[in-house]
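Colleague: Here is the input, now give the coordinates:
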Amino acid sequence: MGISTFLMLFFGLALLILGGNLLLKSAVSISLKFNIAKILIGMTVVSFATSAPELIVSIKSALLGSSDLAVSNVLGSNIANIGLVLGLIILISPIQIPKDIYRLDWPVMMISAILFYIFILDLKIQRYEGAILFLSLIVSIIILIKQRSKNNQDIELDSEKTDTVIKSISILILGAFFLYLGSEWFVMAAIDIANYFNISQRIIGISVVSVGTSIPELATSLVAILKKEKNISIGNLIGSNIFNVFAVLGITSILIPLNVVDLNLIQFDIYIMIFFAFVIFPLIFFPKRLVLGRLEGSVIFGCYIVYIYSIIN
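Modeller: This next block holds a predicted model:
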């Protein structure tokens with residue numbers, strides 16, 4: 001293994017991020033062109049596009065027989081979204097929590113985490129379990145859209161400019177190609193690094209791969225903070241965690257049933273994911289109601305640093 005492996009890892013990640021962004025912009029443009037409601041675009045098209053890197057990486061890992069990498073990618077991404085991304089965001093700037101977050105979004109995220117836990121306990125995620133997860137995604141989207149519609153809420157999209165359909169489809173194809181090529185390089189390089197340094201796929205998946213695929217969420221949340229749209233940042237993170245389980249894990253296990261080899265994934269990591277999902281709820285109300293501030297950020301981010309330290313030592 002030489003410097004070329006690390007270059008493949010870097011450029012693979014860059015292509016995943018670029019491909020995901022192109023896919024997002026083209027999909028939104030096509031949807032707006034056909035006058036699809038913004039709320040429907042935001043909760044389906046946008047969510048799927050922003051989860052595309054995790055989905056492609058997990059599918060590619062499973063196809064290569066690296067189920068631990070596929071599962072740890074989802075686990076690690078969900079942990080990083082809360083511990084790393086949310087922790088850093090509220091360390092930078094406190095955010096107000098809309099009531100819908102703890103009344104609706106958070107419960108759905110907890111349901112997804114609990115289903116993940118139940119299905120993985122036997123060290124396998126079968127096709128029918130993947131189908132249940134994907135069906136849960138559809139039900140969740142319907143419920144969330146109905147609730148948002150009742151409250152007359154809409155979703156702001158980064159770009160409301162519509163290109164021609166031909167141009168949008170061309171960008172869509174280009175984005176899909178970048179995602180495919182990026183996943184090839186990124187996953188192969190990650191597996192080579194794990195084998196060379198005798199590191200488990202679980203550790204590579206939870207650290208390098210999951211943090212890499214969480215970079216779009218971090219970038220999106222930072223932009224939301226700069227634009228004073230702080231409620232969007234936490235909504236994006238919770239939504240991403242829901243999609244990672246219901247869509248990424250669901251679709252991957254429908255295509256290729258997953259068999260867990262590393263017992264640490266079910267004896268330790270799954271509990272850490274549930275902890276980070278749960279801890280948001282009490283922090284919303286204590287010490288300051290409906291505000292996540294720098295104190296809460298230091299707690300969340302500190303827990304994440306301790307977790308990462310524990311798995312690499």
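Colleague: list the contacts for the residue positioned nearest the centre of the chain?
Modeller: By CA atoms, centre = their mean, the chain has its centre lying nearest to Ser240, at 4.2 Å. By CB atoms under 8 Å, 6 or more residues apart in numbering, the residues touching Ser240 are 47, 50-51, 77, 81, 217. Backbone N, C-alpha and C define where each C-beta goes, glycine included.
Colleague: From Val28, how far out is Leu22?
Modeller: For Leu22, the distance to Val28 (CB to CB, to the nearest Å) stands at 11 Å.
Colleague: Show the buried residues in the contacts of Ser240.
Modeller: Buried by 16 or more other CB atoms under 10 Å: 47, 50-51, 77, 81, 217, out of the contacts of Ser240.
Colleague: Look at the nearest residue to Ser298 once chain neighbours are set aside and give its secondary structure.
Modeller: If the residues on either side of it in the chain are set aside, Ser298 comes closest to Leu91, at 6.4 Å by CB to CB, 6 or more residues apart in numbering. Under DSSP: H, G, I helix; E, B strand; the rest coil, the three-state class of Leu91 is helix.
Colleague: What separation do you get for Leu91 and Glu184?
Modeller: 35 Å.
Colleague: Then Cys303?
Modeller: For Cys303, the distance to Glu184 - CB to CB - is 34 Å.
Colleague: give me every residue that touches Phe116.
Modeller: Neighbours of Phe116 in contact, by CB under 8 Å, 6+ apart: 74, 133, 245, 249, 270, 273.
Colleague: ok, and the most crowded of these?
Modeller: Of these, Leu249 is surrounded by the most neighbours, 31 neighbours in total, counting by other CB atoms under 10 Å.
Colleague: Which element, helix or strand, includes the closest residue to it other than its chain neighbours?
Modeller: Counting by CB to CB, 6+ apart, Leu249 lies nearest to Val74, which is 5.0 Å off, once chain neighbours are set aside. Per DSSP states H and E, Val74 falls inside helix 67-80.
Colleague: wait, doesn't Val85 sit right on Ser214?
Modeller: Yes: counting by CB atoms under 8 Å, Val85 does reach Ser214; the two are 6.1 Å apart.
Colleague: Between the two, tell me which one has more neighbours.
Modeller: In this view Val85 and Ser214 are compared by other CB under 10 Å, and Val85 has more residues nearby, 29 against 25.
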